[in-house]
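Asks: what follows is a predicted protein model with its sequence.
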Amino acid sequence: MTLFKKYSLRVNFSMMFSSSFLSAFLRWGIVCVIVKLGGKQGPEMLGLWTLAQALTMPVMYITDLNLRTVLITDSKRTYPLNHFFALRLITNFVLVTIVTIICIIMGIDLYRTICIVLFSISTGVFSFRELFMAISIRNESTKINAISTFLVSLLSFVTFAIALYYTNLLLWGIISIVVSRLLIMLFYDFPVVMRMENFFNNQKMIDFIPHFSKDTLNLLIISIPAGLSVSILSLCNNVPIYLLDYYSGPEKTGLYGGLNFFFLALNIALTPLFSTIGPRLSRSFNNDIADFIKIVSLLSGCIIFSSVIIAVLAKYFGAYVLTIALSKEFSGLADQFSLLMIAAGFWFNWAFMNFVIQAARYYWLLASFNLFMLAISICIGLYWIPGKSLDGAILCRLMTTVLGALFSVPLIWWIVRKKRTEVLENK
């Protein structure tokens, strides 16, 4: 069965890149649909969409506990799959509850609160689907991921566009995304991944039924620092949005969201590729530190090269892209768009360094470092955004990502040096 075949790292990487790129393109297409079909309400709708992401994603990263990475790097299969699913049920309930409480505390009106809570539910479904994706990555067979990502992205985009066209309400668009993700998870991800686990590891259906025990608690304890590190990184990314919405209102947030979604689309396309190398990176760190250094150096070089190309394209073609993809209102923001794409390059390097440290399982070190960067991001934002509004938000993003990428290098160097010392002592 070709669907259940183990593929090489290059093939897995190619399939993940293709599916992730398509997913990013269609998610960016959703932003275009909001701008084009929203009419005069377009910027306000986009501001609500951006705010829903900014409120939901950091909470999701905390409650998510980065179980995807924990499962992928669990090469010894220490924890049964049903413990992962049990923990995900709990964390999704906590996610929706926390987002609802935040909306109430912030005094957000009822309609916007319902939209944001529904967005958190769609995010919870997505995080549940990620466990199925992680299982196939651990088996080094990502063809299932590619097909699933294609199906859910296309269905979500089409149903969202139809819902917004006929109702002109963002609420129904978000509901369509929730339903689309549920359908793909229930009728494709679950049955296909279950068959794959039976094919490779003789797992039965009962192994996918959530089960709570002391091992579930142990899994929670191990996953907490992993989730904290990713959540704090997401907060660093969203600080400009929070401050811009507070000081300048939803319209400026909508403009920033339109520019920022190119950044998010690239992020969606590239960061899942890091998971593809997760199993090998984790094994290399434990067994062959030279191979670990080689992989990190090679991918860092590729990311830097890609970042330069993105920045150059944004500089010379930014105005055309913004006009065609969004509207003429955004074409005057070409300079801001170029700065944001430069920030994107540094962000990808910072995010990759985060994944490298996760593969080495220095979770508490990473959480502490990202917390330090969060404090820097808040200080920069409070200095620039109240006076410079949109320009200040973009400067905040740029300066934070530059510092994050540069400060990550000494951390990686220290971890590698420490590992080499341990290897020499064991000899």
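Replies: Yep, that arrived. Everything quoted here is computed from the prediction, not taken from an experiment.
Asks: dump the residue contacts of Phe160.
Replies: Phe160 is in contact with 30, 33, 173-174, 176-177, counting by Cβ atoms under 8 Å, 6 or more residues apart in numbering. Yep, even glycine has a C-beta here, placed from its N, CA and C like the rest.
Asks: please enumerate the helices of the stretch 1-150 of the chain.
Replies: All helices of the stretch 1-150 of the chain, identified by DSSP state H, counting those that start in this stretch, fall at 9-38, 42-64, 67-72, 81-105, 110-138, 143-167.
Asks: and the last one, which residues are buried?
Replies: The neighbour-count check on helix 143-167 (16 or more other Cβ atoms under 10 Å) flags 143-153, 155-157, 159-161, 163-164 as buried.
Asks: now the angle between helix 143-167 and the next helix or strand after that helix, please.
Replies: With elements assigned by DSSP states H and E, the helix or strand that comes after helix 143-167 is helix 170-184. Taking axes from the mean of the first three to the mean of the last three Cα atoms, to 10 degrees, one finds helix 170-184 and helix 143-167 inclined to each other by 150 degrees.
Asks: show the average pLDDT along helix 170-184.
Replies: Averaged across helix 170-184, pLDDT comes to 94.
Asks: can I get that helix in PDB, CA atoms only?
Replies: Extracted in PDB, the C-alpha atoms of helix 170-184 (Å, rounded to 0.1, in the frame of the first residue of the first chain):
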ATOM      1  CA  LEU A 170     -18.000  36.600   9.400                       C
ATOM      2  CA  LEU A 171     -19.800  34.400  11.900                       C
ATOM      3  CA  TRP A 172     -21.100  32.000   9.300                       C
ATOM      4  CA  GLY A 173     -17.700  31.900   7.600                       C
ATOM      5  CA  ILE A 174     -16.100  30.700  10.800                       C
ATOM      6  CA  ILE A 175     -18.800  28.100  11.400                       C
ATOM      7  CA  SER A 176     -18.100  26.700   7.900                       C
ATOM      8  CA  ILE A 177     -14.400  26.300   8.900                       C
ATOM      9  CA  VAL A 178     -15.300  24.400  12.000                       C
ATOM     10  CA  VAL A 179     -17.600  22.000  10.100                       C
ATOM     11  CA  SER A 180     -15.000  21.500   7.300                       C
ATOM     12  CA  ARG A 181     -12.300  20.600   9.800                       C
ATOM     13  CA  LEU A 182     -14.500  18.200  11.700                       C
ATOM     14  CA  LEU A 183     -15.600  16.400   8.500                       C
ATOM     15  CA  ILE A 184     -12.100  15.800   7.300                       C
END
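Asks: helices or strands up against that helix?
Replies: helix 9-38, helix 42-64, helix 110-138, helix 143-167 (3 or more Cβ pairs under 8 Å, 6 or more residues apart in numbering; DSSP states H and E).
Asks: hang on, the earlier thing: of all the helices of the stretch 1-150 of the chain, which lies closest to Ile224?
Replies: helix 42-64 (9.0 Å; Cβ to Cβ).
Asks: now that closest one - C-alpha only, CSV.
Replies: Extracted C-alpha coordinates of helix 42-64, given in CSV (Å, rounded to 0.1, in the frame of the first residue of the first chain):
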residue,chain,number,x,y,z
GLY,A,42,-14.0,44.5,5.0
PRO,A,43,-11.4,46.3,7.2
GLU,A,44,-13.6,45.8,10.3
MET,A,45,-14.2,42.1,9.5
LEU,A,46,-10.4,41.7,8.9
GLY,A,47,-9.7,43.4,12.2
LEU,A,48,-12.1,41.0,14.0
TRP,A,49,-10.5,38.0,12.2
THR,A,50,-7.0,39.3,13.2
LEU,A,51,-8.1,39.9,16.8
ALA,A,52,-9.6,36.4,17.0
GLN,A,53,-6.3,34.9,15.9
ALA,A,54,-4.3,37.1,18.3
LEU,A,55,-6.4,36.1,21.3
THR,A,56,-6.8,32.5,20.5
MET,A,57,-3.3,31.4,19.2
PRO,A,58,-1.3,32.2,22.4
VAL,A,59,-3.8,30.4,24.6
MET,A,60,-3.9,27.5,22.1
TYR,A,61,-0.1,27.2,22.3
ILE,A,62,-0.3,27.0,26.1
THR,A,63,-3.1,24.5,26.2
ASP,A,64,-1.7,22.6,23.1
